[in-house]
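**Q** fold the following.
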Amino acid sequence: MRKFNLFLPVSILIYMICAIVVGYHMVHLQQTSSYAYRIEVNRIMEELQAGKTIDELNIKAYQTITAVTYLDANDKQTTQMVSFYEDKDTPYVIMPWMKDGQIEGYLRFDYHIQKSQKHIFLIVEGILFIVEVFVFTLLWYLKKHLIKPFQRLSTLPESFAKGHYKSSIKVEKSRYLQRFLWGMSQMQDSLDTSRKRQIELLKEKKQMHLSLSHDIKTPLNLIKLYCKALKEHVYESYDQQAQIYDKIDDKCNEIERYVNEIMKTSRENILDLQVEKGEFYLYDLMKRVLDTYKEQCVLRQIELYVGPCENRLLYGDIDRSQEIFENLFENAFKYGDGRLIEITFYEEDGCQLIRVFNTGQVLEERELVHLFESFYRGSNAQHQNGNGLGLYIAQTLMRKMEGEIFVQQEKDGMAFIMVFH
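**A** Reported below is the predicted structural model:
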């Protein structure tokens with residue numbers, strides 16, 4: 001902001017320098033042109049001294065001299081003298097004509113001075129002033145309606161990063177920041193909701209741990225007692241031992257049910273994804289996706305091919321659909337060979353199918369069955385960061401939007417097909 005504030009006085013300083021320089025050059029040009037006739041008078045005098053007569057002079061070749069008149073020094077006729085000295089509304093200069101050190105006559109040079117360039121000076125200075133007013137007004141407008149409001153909002157990301165989601169977002173009148181403010185407000189609400197949900201999950205997790213420790217403790221203690229009794233040969237008959245083994249098996253099954261319930265609850269909590277169903281156009285979805293990943297493919301030197309498509313109306317959530325594309329692109333970046341990502345479109349049974357293909361290592365058939373399971377990572381995921389949730393989230397979102405996603409194994413890569421209604 002401080003650096004931007006310097007633009008205002010700097011613009012004024014530049015204007016003043018330009019105005020002074022232009023004024024100086026205009027004055028200097030005017031002074032130079034006002035003495036031009038003297039140079040031409042001297043040139044004519046040199047020509048006459050070289051032997052030319054007044055009649056032989058080419059007056060039109062001179063820019064300032066309009067006429068040359070000669071008066072003999074011995075000529076006393078009144079009419080000629082009056083004509084010689086007559087004021088003809090033009091400036092003139094009289095020079096003596098010397099010969100052998102004696103004055104033989106006089107030469108009158110009528111000349112005209114170039115018109116004053118004052119009006120040009122005023123026009124140039126006026127243009128400079130108008131430009132300066134425009135620049136100053138523009139800088140002031142940007143400062144008031146863009147720089148200052150944005151500076152007031154610049155602390156919001158840092159505030160959000162520190163977990164302060166309750167700070168109010170001041171409504172700015174600047175129309176340039178309305179969409180930005182709306183987005184920041186949405187992000188604030190989303191972060192606040194996520195934090196509340198996280199706190200609830202932590203509470204549920206603690207309660208679940210307490211409940212789990214209590215529920216598992218009882219069958220676990222019984223198993224330990226049964227094992228101790230068997231170890232000390234308390235039950236000698238085969239029938240009694242068989243009953244104990246059955247009880248141990250029952251308690252193990254009980255613990256297994258608890259574990260399965262924990263896993264189910266964990267999955268539901270992790271993937272508590274909300275979907276706002278509605279209609280959106282395919283072009284709008286693809287514009288979002290390509291705006292995000294077209295440049296990334298260029299930077300990674302990956303060829304991105306997008307086939308032709310019709311701008312169909314799709315059913316679902318455009319934000320969640322974009323998230324699915326993001327998961328597929330990230331998978332292609334991680335597990336592909338970096339040669340090609342191809343997006344093609346086709347219709348089948350009234351549904352819009354979008355195929356995302358990337359070249360790279362092919363998975364085995366037995367792995368494809370588990371590819372959309374949570375926390376599952378294929379054999380090609382070694383030495384790659386990830387948690388195995390991307391495709392599971394993609395499938396969950398597609399099904400919540402009443403669509404589907406499935407995988408196809410190609411000769412030189414993998415293809416994922418999304419089905420939209």
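
**Q** what residues are bridge-paired with residue 92?
**A** Note on residue 92: beta-bridge partners by DSSP bridges are residue 110.

**Q** show me what contacts it?
**A** By C-beta atoms under 8 Å, 6 or more residues apart in numbering, residue 92 lies in contact with 108-111. Every residue, glycine included, has its C-beta placed from N, CA and C.

**Q** make CSV from the residues you listed and add neighbour count, pLDDT and distance to residue 307 to it.
**A** Output for the contacts of residue 92, formatted as CSV (neighbours: other C-beta atoms under 10 Å; pLDDT from 0 to 100; distance: C-beta to C-beta, whole Å):
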residue, neighbour count, pLDDT, distance to residue 307
108, 18, 85, 91
109, 22, 84, 86
110, 18, 83, 85
111, 20, 80, 81
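
**Q** what pLDDT does residue 204 get?
**A** At residue 204, the model reports a pLDDT of 70.

**Q** and residue 195, by the same measure?
**A** Looking at residue 195, the pLDDT reads 73.

**Q** and it, what element?
**A** For residue 195, the host element (DSSP states H and E) is helix 178-231.

**Q** so which elements touch that helix?
**A** Contacts defined by 3 or more C-beta pairs under 8 Å, 6 or more residues apart in numbering; DSSP states H and E place helix 178-231 against helix 148-153, helix 156-161, helix 238-270.

**Q** comparing those by mean pLDDT, which bottoms out?
**A** In terms of average pLDDT, helix 156-161 trails the rest of the helices and strands packed on helix 178-231, at a mean of 68.

**Q** contact partners for the closest residue to residue 303 other than its chain neighbours?
**A** Distances taken as C-beta to C-beta, 6 or more residues apart in numbering place residue 340 nearest to residue 303, at 4.8 Å, with adjacent residues excluded. Applying C-beta under 8 Å, 6+ apart, we find residue 340 in contact with 302-305, 357-359, 413.

**Q** same question for residue 219.
**A** 251-252, 254-255.

**Q** contacting residues for the residue nearest to it when sequence neighbours are not counted?
**A** Excluding its sequence neighbours, the residue lying closest to residue 219 (C-beta to C-beta, 6+ apart) is residue 251, at 3.8 Å. Residue 251 sits next to 219-220, 222-223, 226 when contact means C-beta under 8 Å, 6+ apart.

**Q** and if we set it to 6 Å?
**A** 219, 222-223 (C-beta atoms under 6 Å, 6 or more residues apart in numbering).

**Q** ok, residue 403 next?
**A** Per C-beta under 6 Å, 6+ apart, neighbours of residue 403: 419-420.

**Q** swap the cut-off to 8 Å and go again
**A** For residue 403, the contact set (C-beta under 8 Å, 6+ apart) comprises 315-316, 418-421.

**Q** for residue 252, same thing?
**A** 219, 223.

**Q** for it, give its distance to residue 17.
**A** 91 Å (C-beta to C-beta, to the nearest Å).

**Q** tell me where this structure has helices.
**A** Using DSSP state H, the helices of the chain run over 2-5, 7-34, 36-49, 78-85, 118-142, 148-153, 156-161, 178-231, 238-270, 282-299, 318-335, 365-368, 390-400.

**Q** now tell me what touches the last one from outside.
**A** Read that as helix 390-400. Residues from elsewhere that reach helix 390-400 (C-beta under 8 Å, 6+ apart): 271, 273, 275, 317, 320-321, 323-324, 327-328, 330-331, 371-376, 404-405, 416, 418-419.

**Q** pull out the buried positions in stretch 225-238.
**A** Burial within stretch 225-238, assessed by neighbour count using 16 or more other C-beta atoms under 10 Å, is assigned to 226, 235.

**Q** stretch 43-52 too?
**A** Those would be 44-45, 48, for stretch 43-52 by 16+ other C-beta under 10 Å.

**Q** mind putting the residues you listed in CSV, pLDDT and distance to residue 367 included?
**A** CSV is the format used below for the buried residues of stretch 43-52 (pLDDT from 0 to 100; distance: C-beta to C-beta, whole Å):
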residue, pLDDT, distance to residue 367
44, 84, 106
45, 85, 108
48, 83, 111
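
**Q** buried ones among the contacts of residue 403?
**A** The buried subset of those (16+ other C-beta under 10 Å) comprises 316, 418-420.

**Q** mind checking which of those residues land in strands?
**A** 316, 418-420 (DSSP state E).

**Q** and the furthest pair within those residues?
**A** 316 and 419 (10.5 Å; C-beta to C-beta).

**Q** on that earlier part again, neighbour count added to the contacts of residue 340, as JSON lines?
**A** JSON lines is the format used below for these (neighbours: other C-beta atoms under 10 Å):
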{"residue": "302", "neighbour count": "20"}
{"residue": "303", "neighbour count": "12"}
{"residue": "304", "neighbour count": "18"}
{"residue": "305", "neighbour count": "11"}
{"residue": "357", "neighbour count": "22"}
{"residue": "358", "neighbour count": "24"}
{"residue": "359", "neighbour count": "20"}
{"residue": "413", "neighbour count": "21"}
